[in-house]
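Enquirer: quick one, fold the following:
(one chain, ligands or ions: 1)
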Amino acid sequence: MNSIVSASTIGATSKAASNEVVRLVDVHRHFGATPALDGISLTVHGGEILGIIGRSGAGKSTLIRCLNGLERPDSGEIEIEGRSIVGLDEKDLQPLRRRVGMIFQHFNLLSSRTVEENVALPMKIAGIAKAERLTRAHELLELVGLADKAKTYPSSLSGGQKQRVGIARALAARPALLLSDEATSALDPETTRSILTLLKDINRKLGLTIVLITHEMEVVRNIADRVAVIDAGRIVEEGQVWSVFADPKAPITQSLLSGSRPQLPEHIAARLSLTTGGEAILSIDMAGPAAQGAVFADLSAALPQSFRLVHGGIDHIQNQPVARFFIAVPTRDPALKDKVLQFLTARSARVEVLGYDTDHV
Ligand SMILES: Nc1ncnc2c1ncn2[C@@H]1O[C@H](COP(=O)(O)OP(=O)(O)OP(=O)(O)O)[C@@H](O)[C@H]1O
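Expert: As a prediction, this is how the structure comes out:
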């Protein structure tokens with residue numbers, strides 16, 4: 001990928017991290033009796049990548065359509081770069097739409113236009129002279145690694161290449177904000193990773209603010225700085241990605257994360273009982289500084305033969321260790337489990353007794 005193009009060349013807005021590019025306050029949007037958005041308040045700062053995740057029907061598309069003015073809320077405030085867009089008519093919305101670029105799941109390229117014409121189209125609509133828009137289209141195609149495809153048609157491109165053209169086109173009008181609507185959902189895992197890497201690269205180089213909606217936690221994990229979880233039109237959880245992965249609070253977040261975090265193997269979970277006996281099965285969650293020490297070596301030294309490792313691992317998200325383990329503690333010494341619990345909680349671990357595996361004596 002060739003992406004060595006400076007922010008000044010491309011001309012994206014680079015904002016200080018404290019600047020608010022998006023602000024939503026108590027936004028409501030109903031369709032009949034269905035509350036698609038039920039009081040959404042959200043802030044996106046300049047230069048950050050916010051992932052908005054939720055299940056089908058949670059309200060993600062409605063939210064993103066409100067952000068680019070395609071949908072009007074019933075009530076609440078929406079500001080883009082400090083300017084309220086709620087009361088704007090179509091004519092006044094046009095300059096705002098140029099501040100907001102968008103990429104789509106199915107790319108939405110014009111098949112009758114070449115790649116460079118697709119990228120140049122928003123500039124043509126904005127009345128930019130032909131020579132200037134072609135120069136810029138080439139800079140953008142270089143940014144997304146497709147300079148050699150300028151004269152080809154979208155039908156000859158792979159899905160990943162089409163999305164790169166979509167990204168170049170979205171950047172054509174020098175947006176302050178890029179909205180990504182399930183932009184990698186139609187791509188295979190490897191192409192998804194390359195598109196996410198490109199978006200992160202553009203975010204870093206141009207300081208471009210990105211809001212992406214997705215139903216995949218892996219997308220959030222790979223690219224976002226912060227995550228907001230939406231369910232039934234409400235933000236139910238919000239925070240830095242590593243801390244939400246480490247300690248998901250809302251049931252919907254726990255469920256969305258179930259494929260991304262170690263889970264107790266099913267055959268053991270199926271045997272668990274509430275009756276004390278055999279081994280107690282404990283889950284242990286540690287993150288950040290708490291996950292950096294030699295916790296298990298220290299536990300072993302302090303309480304020899306007090307546990308055996310059952311399952312788990314350490315992930316690294318935003319350069320922070322996020323650990324989740326399952327251990328088995330024998331119950332033949334009735335006080336042992338509490339000693340282990342005490343030891344681990346003193347080390348800032350979150351520990352839960354899941355039940356007893358009485359088959360394992
Ligand atoms: N134009 C509409 N008319 C009626 N109901 C709508 C309309 N748009 C959305 N809804 C309803 O609002 C709720 C939120 O829909 P929305 O499309 O925003 O969810 P979503 O999270 O984007 O779902 P998906 O991931 O399946 O696209 C759903 O119950 C949906 O049926």
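
Enquirer: low-confidence bits of the stretch 151-300 of the chain, can you list those?
Expert: For the stretch 151-300 of the chain, no stretch is flagged by pLDDT under 70.

Enquirer: contact residues of it facing the ligand?
Expert: residue 215 (Cβ under 6 Å from any ligand atom). For every residue, glycine as well, the C-beta is placed using N, CA and C.

Enquirer: can you give me the strands for the stretch 151-300 of the chain?
Expert: 177-181, 209-214, 226-231, 234-240, 279-287 (DSSP state E, counting those that start in this stretch).

Enquirer: got a markdown table for these, with mean neighbour count too?
Expert: Shown next, in a markdown table, are those (neighbours: other Cβ atoms under 10 Å):
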| stretch | mean neighbour count |
| --- | --- |
| strand 177-181 | 24 |
| strand 209-214 | 25 |
| strand 226-231 | 24 |
| strand 234-240 | 18 |
| strand 279-287 | 23 |
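
Enquirer: need those strands in JSON lines (columns: distance to residue 260).
Expert: Formatted as JSON lines, the strands of the stretch 151-300 of the chain follow (distance: least, Cβ to Cβ, whole Å):
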{"stretch": "strand 177-181", "distance to residue 260": "19"}
{"stretch": "strand 209-214", "distance to residue 260": "13"}
{"stretch": "strand 226-231", "distance to residue 260": "12"}
{"stretch": "strand 234-240", "distance to residue 260": "15"}
{"stretch": "strand 279-287", "distance to residue 260": "13"}
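
Enquirer: please name whichever of those strands is nearest to residue 247.
Expert: Between residue 247 and the strands of the stretch 151-300 of the chain, the tightest spacing by Cβ to Cβ is seen for strand 279-287, at 6.6 Å.

Enquirer: tell me the helices and strands packed up against that closest one.
Expert: helix 241-246, strand 320-330, helix 336-346, strand 350-357 (3 or more Cβ pairs under 8 Å, 6 or more residues apart in numbering; DSSP states H and E).

Enquirer: hey, which of these is tucked in deepest?
Expert: helix 241-246 (a mean of 23; mean count of other Cβ atoms under 10 Å).

Enquirer: what about that helix, distance to the chain center?
Expert: On the basis of Cα atoms, centre = their mean, to the nearest Å, helix 241-246 sits 11 Å off its chain's mean C-alpha point.

Enquirer: which helices and strands sit right next to it?
Expert: helix 217-223, strand 226-231, strand 279-287, strand 308-317, strand 320-330.

Enquirer: can I get the ones you listed in JSON lines including distance to residue 204?
Expert: Formatted as JSON lines, the helices and strands packed on helix 241-246 follow (distance: least, Cβ to Cβ, whole Å):
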{"stretch": "helix 217-223", "distance to residue 204": "11"}
{"stretch": "strand 226-231", "distance to residue 204": "16"}
{"stretch": "strand 279-287", "distance to residue 204": "24"}
{"stretch": "strand 308-317", "distance to residue 204": "17"}
{"stretch": "strand 320-330", "distance to residue 204": "19"}
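
Enquirer: still on that earlier bit, could I get the helices and strands packed on strand 279-287 as a markdown table with distance to residue 85?
Expert: Output for the helices and strands packed on strand 279-287, formatted as a markdown table (distance: least, Cβ to Cβ, whole Å):
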| stretch | distance to residue 85 |
| --- | --- |
| helix 241-246 | 28 |
| strand 320-330 | 35 |
| helix 336-346 | 48 |
| strand 350-357 | 41 |
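
Enquirer: okay, which residue is most central for the protein?
Expert: For the chain, the residue nearest the mean C-alpha position is residue 220 (2.3 Å; Cα atoms, centre = their mean).

Enquirer: report the contact partners of it.
Expert: Neighbouring residues of residue 220 by Cβ atoms under 8 Å, 6 or more residues apart in numbering: 51, 53, 214, 227, 241.

Enquirer: now the two most distant members of those residues.
Expert: 214 and 241 (12.3 Å).

Enquirer: quick check: neighbours shared by those two?
Expert: Listed as contacting both residue 214 and residue 241 by Cβ under 8 Å, 6+ apart are 51, 220.

Enquirer: residue 174 and residue 285, how far apart?
Expert: From residue 174 across to residue 285, the span is 43 Å (Cβ to Cβ, to the nearest Å).

Enquirer: with residue 225 instead?
Expert: Distance from residue 225 to residue 285, by Cβ to Cβ: 21 Å.
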